[in-house]
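**Student:** Make a model of this:
(2 chains)
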Amino acid sequence: MPRSFTSRRELAQHSFHPAVTLLVPLAAIVLQALLPKPLPRLAILDLPLIITLFFAVSRRNPISGTLTGAAIGLLQDTLTAQPIGINGIAKSIIGYISASIGLQVDVENLATRILINFGFSLLNSVLIYLINRRLLGIVDFHIMWLHELLRALLNTVVAIPIFFLLDRARRIE
Amino acid sequence: MESFFSRFKNSLVLITVLLLQIVGLAVQVRRTTDVSAPDAHSISLMRYWVVATIAPVERFFLGFGHNLRGIWSNYADLRHVRQHNRDLEYQLAQLRIQQAAIAEDAIQGHRLQSLLAFQQHYITTTVAAQVIGTSGSDLSRILYIDKGREEGLRPDMAVITPDGVVGKLRDVFPHTAQVLLLDDQTSGAGVLLASTRIRAILRGTPNGRMQIGNLTADSRIKPGEQVLTSGGDQVYPRGLPIGTIESIAPDPDHQPYTAIQVRPAANLSQLEEVLVITGTQTDLPQQAQQDLAVGAATTEAARAAAQQAEADAAAKAAAQSAAQIVADRLPSLHDVTNPNSPESTTPTTPVPRPTPTLRPDRYTPGAAPPATSLTPGGHNPQPANIPRPTTESQPKTDSEPPPQ
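**Tutor:** Here you go, the predicted structure:
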């Protein structure tokens, strides 16, 4: 019997095995903590952000994207000396927006993935800046925008092969 | 008909999640900071759960890397061990000599300090730890080490390396601890400028630099000056190296103070092993006292040997006779009887000869008779021979007879 679809979301919504849902974010956070030790310059990368974006655009569910971003961001905050919630807030917003965009746009396209990763990496830097300056009132918090531009570029370069690798773990509902 | 909640459930979930996190942030920020517990109990618990999950993985990778390095160093890299051992023994001997030179000053300094009732804290015990991981963010300069409460670590213990101060312990878990590096934006230390002795407060900046920001412009402060711990913050013992001043510029955010950038003495971005100071005391450790005593004894022996050498030289000088001293001081004479004497073989400049006389007369050298044949006031005979001038110098005159 032919299958019918009533919405775009039903057309292209993916799910993941629970082990993948749990272990991949954890692996991203562990790698993020381990890599700067031998190579300090790799601290510029943001692997949890890349994983948040992947799960948000793959599931195409704003609620799922929000909760995934919040969980990954909070886990990332527990390893830092900053108050817990800075990365949680930023990645919640990013998960919501990217999942919403995923409903409207074809995110399987390479160009789309490059734009999404570059744009949301910059958005993450802006959100962290606003949280530190406006919410926490840290007046000495400055951002070097060239450095953030470079961070967005490197995140994009690393994200594309990770996206292709994680595509294999998707299950079509 | 859809209800309000089902229609806007996505936005409502986002707003709820954000509100909860903002409230959590506000609670953490408003809470009065306790020195020994920088986080509330619930926050510490969250951090502990995550660290307890991640730390074993980090230890596994650390052990794996060490085993690989051990295979290389234990078998393939031994060929330079003997030479390295000899170099280290030589360096040790040099250090002992230097120690003897400064031991006297150190002992005098301690005597003066005791007179002033000055309390200084000396490092007595330390715990070595390996760095197993980082925070993963360049906005938060945190390291994780493989020692914790079980090994005697407590929050706010200073962490150092042989090069200088690294930071302090922030959060301590049973088998792991967080090290807050000096260049973290929440870090601070009381410092002292080595040459000018100006006290200041060093803080980390959000972009990972160390900066002194509570000093006004002072011409005495120059780049290259060493920065030491002052001991005033009751965390870092006094006198430990922190870094050197890199640059001095006006601080636009905090006028009229200057922003003094400090380059850290320890390489904070590539740390493998650190020392956690677990114990301090006001007296010198016993080993340091023994080293000072050895150094002082060596200095005393060297001084006695120098005095003995001076006394020997003075006695030798006094043993010389006065005539010898005078003879040494007079100019030396020619010794014509000894052709081998240094004076006779010394080449001398030729004495210039006078030019030959054109018209010799009785006054010409050699024309006067010897003095013994002369009679004062009497008639003296004319000399028989008057030296004739040489032909090359005398023009020929045949008409003039030679004088008699």
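
**Student:** Please pull out the lowest mean pLDDT helix or strand from chain B.
**Tutor:** helix B:81-115 (a mean of 71; mean pLDDT, DSSP states H and E).

**Student:** Can you identify the element that follows that helix toward the C-terminus?
**Tutor:** strand B:122-134 (DSSP states H and E).

**Student:** That following strand and chain A, are they touching?
**Tutor:** Yes: Strand B:122-134 lies within reach of chain A by CB under 8 Å from any CB of the partner chain, at B:131, B:132, B:133, B:134. Where C-beta positions appear, they are placed from N, C-alpha and C, glycine not excepted.

**Student:** What average pLDDT does that strand get?
**Tutor:** Here strand B:122-134 scores 84 as its mean pLDDT.

**Student:** in it, what's buried?
**Tutor:** B:123, B:124, B:126, B:127, B:129, B:130, B:131, B:132, B:133, B:134 (16 or more other CB atoms under 10 Å in any protein chain shown).

**Student:** Check stretch B:50-57 too.
**Tutor:** Here stretch B:50-57 shows B:50, B:51, B:54, B:55, B:57 as buried, counting by 16+ other CB under 10 Å.

**Student:** quick one: contacts of that stretch?
**Tutor:** For stretch B:50-57, the external contacting residues (CB atoms under 8 Å, 6 or more residues apart in numbering or on different chains) are A:26, A:29-30, A:33-34, A:75, A:78-79, B:132-133, B:144, B:146, B:173, B:175-176, B:178.

**Student:** could you redo the last one with a cut-off of 10 Å?
**Tutor:** Stretch B:50-57 has contacts (CB atoms under 10 Å, 6 or more residues apart in numbering or on different chains) with A:26-27, A:29-34, A:74-79, A:84, B:48, B:58, B:132-133, B:136, B:144-146, B:148, B:171, B:173-178.

**Student:** Out of those, which end up buried?
**Tutor:** Buried residues within the contacts of stretch B:50-57, counting neighbours by 16+ other CB under 10 Å: A:26, A:29-30, A:32-34, A:74-79, A:84, B:48, B:58, B:132-133, B:136, B:144-146, B:148, B:171, B:173, B:175-178.

**Student:** Could I get the CA-only coordinates of stretch B:363-371 as CSV?
**Tutor:** The C-alpha coordinates for stretch B:363-371 follow below in CSV (Å, rounded to 0.1, in the frame of the first residue of the first chain):
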residue,chain,number,x,y,z
TYR,B,363,142.7,72.6,18.1
THR,B,364,141.6,69.6,16.0
PRO,B,365,140.9,66.5,18.1
GLY,B,366,144.0,64.5,18.2
ALA,B,367,146.2,67.5,17.3
ALA,B,368,147.0,68.6,20.9
PRO,B,369,149.9,66.9,22.7
PRO,B,370,149.2,64.7,25.7
ALA,B,371,148.7,66.6,29.0
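
**Student:** where's it relative to the chain centroid, distance-wise?
**Tutor:** Relative to its parent chain, stretch B:363-371 has a centroid offset of 84 Å by CA atoms, centre = their mean, to the nearest Å.

**Student:** what do you get for stretch B:353-361?
**Tutor:** 80 Å.

**Student:** buried set for that stretch?
**Tutor:** B:357, B:360.

**Student:** Now name the helix or strand holding residue B:235.
**Tutor:** Here residue B:235 is assigned to no helix or strand, by DSSP H and E.

**Student:** Now for it: which residues touch it?
**Tutor:** B:35, B:156-158, B:165, B:167-169, B:188-190, B:229, B:277.

**Student:** Only the buried subset of the residues you listed, as a PyMOL command please.
**Tutor:** This is how PyMOL selects the buried members of the contacts of residue B:235, with burial counted by 16+ other CB under 10 Å:
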select buried, chain B and resi 157+158+165+167+168+169+188+189+190+229+277
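
**Student:** can you redo the contacts of residue B:235 as JSON lines with secondary structure, pLDDT and distance to residue A:51?
**Tutor:** JSON lines is the format used below for the contacts of residue B:235 (DSSP: H, G, I helix; E, B strand; the rest coil; pLDDT from 0 to 100; distance: CB to CB, whole Å):
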{"residue": "B:35", "secondary structure": "coil", "pLDDT": "52", "distance to residue A:51": "36"}
{"residue": "B:156", "secondary structure": "coil", "pLDDT": "92", "distance to residue A:51": "35"}
{"residue": "B:157", "secondary structure": "coil", "pLDDT": "93", "distance to residue A:51": "35"}
{"residue": "B:158", "secondary structure": "strand", "pLDDT": "93", "distance to residue A:51": "37"}
{"residue": "B:165", "secondary structure": "strand", "pLDDT": "93", "distance to residue A:51": "36"}
{"residue": "B:167", "secondary structure": "strand", "pLDDT": "95", "distance to residue A:51": "30"}
{"residue": "B:168", "secondary structure": "strand", "pLDDT": "94", "distance to residue A:51": "32"}
{"residue": "B:169", "secondary structure": "strand", "pLDDT": "94", "distance to residue A:51": "31"}
{"residue": "B:188", "secondary structure": "strand", "pLDDT": "91", "distance to residue A:51": "34"}
{"residue": "B:189", "secondary structure": "strand", "pLDDT": "93", "distance to residue A:51": "37"}
{"residue": "B:190", "secondary structure": "strand", "pLDDT": "93", "distance to residue A:51": "42"}
{"residue": "B:229", "secondary structure": "strand", "pLDDT": "92", "distance to residue A:51": "41"}
{"residue": "B:277", "secondary structure": "strand", "pLDDT": "91", "distance to residue A:51": "39"}
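
**Student:** so can I have TSV of the contacts of residue B:235 showing distance to residue B:203?
**Tutor:** What follows is the contacts of residue B:235, written out as TSV (distance: CB to CB, whole Å):
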residue	distance to residue B:203
B:35	17
B:156	16
B:157	20
B:158	16
B:165	14
B:167	12
B:168	13
B:169	18
B:188	5
B:189	8
B:190	11
B:229	14
B:277	21
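
**Student:** Widest-spaced pair of the contacts of residue B:235?
**Tutor:** Longest distance between any two of these is 18.3 Å, between B:35 and B:165; criterion CB to CB.

**Student:** Helices of chain A, residue ranges please.
**Tutor:** Using DSSP state H, the helices found in chain A span residues A:8-12, A:18-34, A:47-59, A:62-78, A:86-104, A:110-130, A:145-166.

**Student:** Any buried residues in stretch B:188-197, and which?
**Tutor:** So for stretch B:188-197, counting by 16+ other CB under 10 Å, buried means B:188, B:189, B:190, B:191, B:192, B:193.

**Student:** repeat for stretch A:158-171
**Tutor:** A:158, A:159, A:162, A:163, A:166, A:169, A:170.

**Student:** chain center to it: distance?
**Tutor:** 13 Å.

**Student:** Which residues does it contact?
**Tutor:** A:13-17, A:19-21, A:23-24, A:28, A:42, A:45-47, A:49-51, A:53-55, A:57-59, A:107-108, A:110, A:113-114, A:116-118, A:120-121, A:155.

**Student:** Quick check on those: which are buried?
**Tutor:** Buried subset of these (neighbour count, 16+ other CB under 10 Å): A:13, A:16, A:20-21, A:24, A:28, A:42, A:45-47, A:49-51, A:53-55, A:57-59, A:107, A:113, A:116-118, A:120-121, A:155.

**Student:** Please enumerate the strands of chain B.
**Tutor:** All strands of chain B, identified by DSSP state E, fall at B:122-134, B:142-145, B:158-161, B:164-172, B:177-181, B:188-193, B:199-204, B:210-216, B:226-229, B:241-250, B:257-264, B:273-281.
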